[in-house]
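Engineer: here is my input, please return the structure:
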Amino acid sequence: MSGADWTAVIPVKRLSAAKSRLRGAVLDARHEDLALAMVRDTVAAVTSCALVAEVLVVTDDPAATAAVAALGARAVPDRPGAGLNAALRFGADLVAGLSRRRAVLTGDLPALRADELGEALAAAGAGRSFVADAAGTGTVLLTADAGVPLEPRFGVGSAESHAASHARALSGSWPGLRQDVDTADDLRTVLALGAGEHTCALLRDLGLIADCGACGVPAGPHR
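Structural biologist: Sure thing, here's the model as predicted:
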């Protein structure tokens, strides 16, 4: 299929509870700012993808709701309130509806590029498909064709779980799509890949990187 016929769903925890393994990468007082910057970069890349017609963010966080709305996404509250997979099923199968092609992504992909996502979506066939993370054990993208329930199985060992559920593994390289951020080492990796402007701007303003040249963000104050 071609054209903008995908709805992308991104779950975002309350920022105060997000990315606990990443604590210490920046000052604790700015941890929520870092989590939000990564969400903003992820959503910005997804909304720029030519194959995506709508971006739906499932979140109860007011700051995340405002930030993603400013980027053109639609935010809905996490009605189930029962964890990641329940939020994904709610967003993809109930809010977006089974009549749409749906793609769910994690919200911590600050090096994602719109063309990478477009290539992955173009490779997704009928049924369900997934993209494993850089480590090969987790999942960063799960897709479901129209009429097919999402059946998300995110969590420890999710790549194996999705494969066991007969989702098809997509094999493109897509380094920005595959590199989620759970640890300080992951953050250094995405900076080397070229993180998005919001993540780079925050780290530069905190004095943790000298400039944003490698990330495509001009030097100078960022807002």
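
Engineer: can you pull the poorly scored residue ranges out of the protein?
Structural biologist: Applying pLDDT under 70 to the chain flags the ranges 1-2, 211-223.

Engineer: which single helix of it contains the most residues?
Structural biologist: Assignment by DSSP state H gives helix 31-47 as the longest helix of the chain.

Engineer: quick one: neighbours of residue 131, just the number.
Structural biologist: 26 (other C-beta atoms under 10 Å). C-beta coordinates here come from the backbone N, C-alpha and C atoms, glycine included.

Engineer: re the thing from before, by contact count, what packs against the very next helix or strand once past the longest helix of the chain?
Structural biologist: Next helix or strand after helix 31-47 toward the C-terminus (DSSP states H and E): strand 52-59. Applying 3 or more C-beta pairs under 8 Å, 6 or more residues apart in numbering; DSSP states H and E, we find strand 52-59 packed against strand 6-12, helix 31-47, helix 62-70, strand 74-76.

Engineer: dump the ones you listed to a markdown table, plus mean neighbour count and distance to residue 131.
Structural biologist: Putting the helices and strands packed on strand 52-59 into a markdown table (neighbours: other C-beta atoms under 10 Å; distance: least, C-beta to C-beta, whole Å) gives the following:
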| stretch | mean neighbour count | distance to residue 131 |
| --- | --- | --- |
| strand 6-12 | 26 | 13 |
| helix 31-47 | 25 | 14 |
| helix 62-70 | 17 | 22 |
| strand 74-76 | 18 | 23 |
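
Engineer: contacts only, for residue 146.
Structural biologist: By C-beta atoms under 8 Å, 6 or more residues apart in numbering, the contact set of residue 146 is 98-101.

Engineer: I'd guess it is in a strand, am I close?
Structural biologist: No. Checked against DSSP: H, G, I helix; E, B strand; the rest coil, residue 146 lies outside a strand; its state is coil.

Engineer: buried members of the contacts of residue 146 into ChimeraX, please.
Structural biologist: To isolate the buried ones among those in ChimeraX, judged by 16 or more other C-beta atoms under 10 Å, type:
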select :100,101
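
Engineer: next up, the contacts around the closest residue in space to residue 109 that isn't next to it in sequence.
Structural biologist: Distance criterion C-beta to C-beta, 6 or more residues apart in numbering; nearest residue to residue 109, sequence neighbours excluded, is residue 42 at 4.6 Å. Counting by C-beta under 8 Å, 6+ apart, residue 42 makes contact with 10, 105-110, 112, 196.

Engineer: what of residue 72?
Structural biologist: Taking C-beta under 8 Å, 6+ apart as the criterion, residue 72 is in contact with 47, 55.

Engineer: likewise for residue 85?
Structural biologist: 152-155.

Engineer: same thing but 6 Å
Structural biologist: Going by C-beta atoms under 6 Å, 6 or more residues apart in numbering, residue 85 touches 152, 154.

Engineer: quick one: it is in a helix?
Structural biologist: Yes. Residue state for residue 85 (three-state DSSP) corresponds to a helix.

Engineer: quick thing: my sequence starts at 59, can you match it?
Structural biologist: That works, and once the first residue is 59, the last one we named lands at residue 143.

Engineer: could you count how many residues lie near residue 237?
Structural biologist: When neighbours are counted by other C-beta under 10 Å, residue 237 comes out with 23.
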